[in-house]
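# Quick check, what structure comes out for this input:
(one chain, ligands or ions: 2)
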Amino acid sequence: MSDCIFCRIAKGEIPAKKLYEDDDVLAFHDIHPVAPVHILVIPKLHIPSMAELQPEHAPVMGKVMTVAAKLAREQGCTDGFRSIINTGRVGRQEVYHLHVHILGGPDVLPAMLKR
Ligand code: 5GP
Ligand code: ZN
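Ligands and ions are numbered 1, 2, ... in the order given. Purely as a prediction, here's the structure:
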């Protein structure tokens with residue numbers, strides 16, 4: 001996907017502050033962090049959103065989640081963190097390349113949704 005910003009980051013065409021990379025998974029700092037720790041973890045494969053996940057994606061998504069947990073530990077999120085996957089219009093997804101947000105830091109995060 002030549003016009004996908006996260007594919008371009010994965011190919012090294014656009015710079016990013018990378019935290020982890022292997023053949024299947026890439027993690028980098030969000031360009032507009034909303035918490036002291038704000039990491040994005042992506043499969044290098046272009047999957048537009050969580051809604052498009054298929055059974056054959058299970059191994060790479062397992063790697064994505066495992067890398068996310070490892071990086072959360074390494075970034076000091078020992079008291080917990082929040083992982084978010086925004087999906088589609090209703091989920092207010094902005095970048096249509098599946099990604100997991102990891103949010104954390106020393107303080108307790110605000111409630112996920114207001115009642
Ligand atoms: P979404 O709303 O799709 O779940 O989140 C997309 C995220 O990607 C946003 O938090 C946004 O700040 C981040 N983002 C968008 N473009 C770039 C970019 O070029 N580089 C990085 N590092 N993050 C980006
Ligand atoms: Zn992509």
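
# from here on, contacts and neighbour counts on C-alpha atoms
Will do.

# Now do the contacts for the residue nearest to residue 61 when sequence neighbours are not counted.
In space, and not counting its chain neighbours, residue 61 is closest to residue 43: 7.0 Å by Cα to Cα, 6 or more residues apart in numbering. With contact set as Cα atoms under 8 Å, 6 or more residues apart in numbering, residue 43 has these partners: 24, 25, 26, 60, 61, 64, 98, 99.

# end-to-end on stretch 34-45?
One end of stretch 34-45 to the other measures 26 Å (Cα to Cα, to the nearest Å).

# Check whether the longest strand along the chain comes near ligand 1.
Taking DSSP state E as the criterion, the chain has its longest strand at strand 37-43. No - using Cα under 6 Å from any ligand atom, strand 37-43 stays clear of ligand 1, with a minimum separation of 7.4 Å.

# Return the list of strands paired to that strand, each annotated with direction.
Applying DSSP bridges, strand 37-43 is found paired with strand 25-29 (antiparallel), strand 100-104 (antiparallel).
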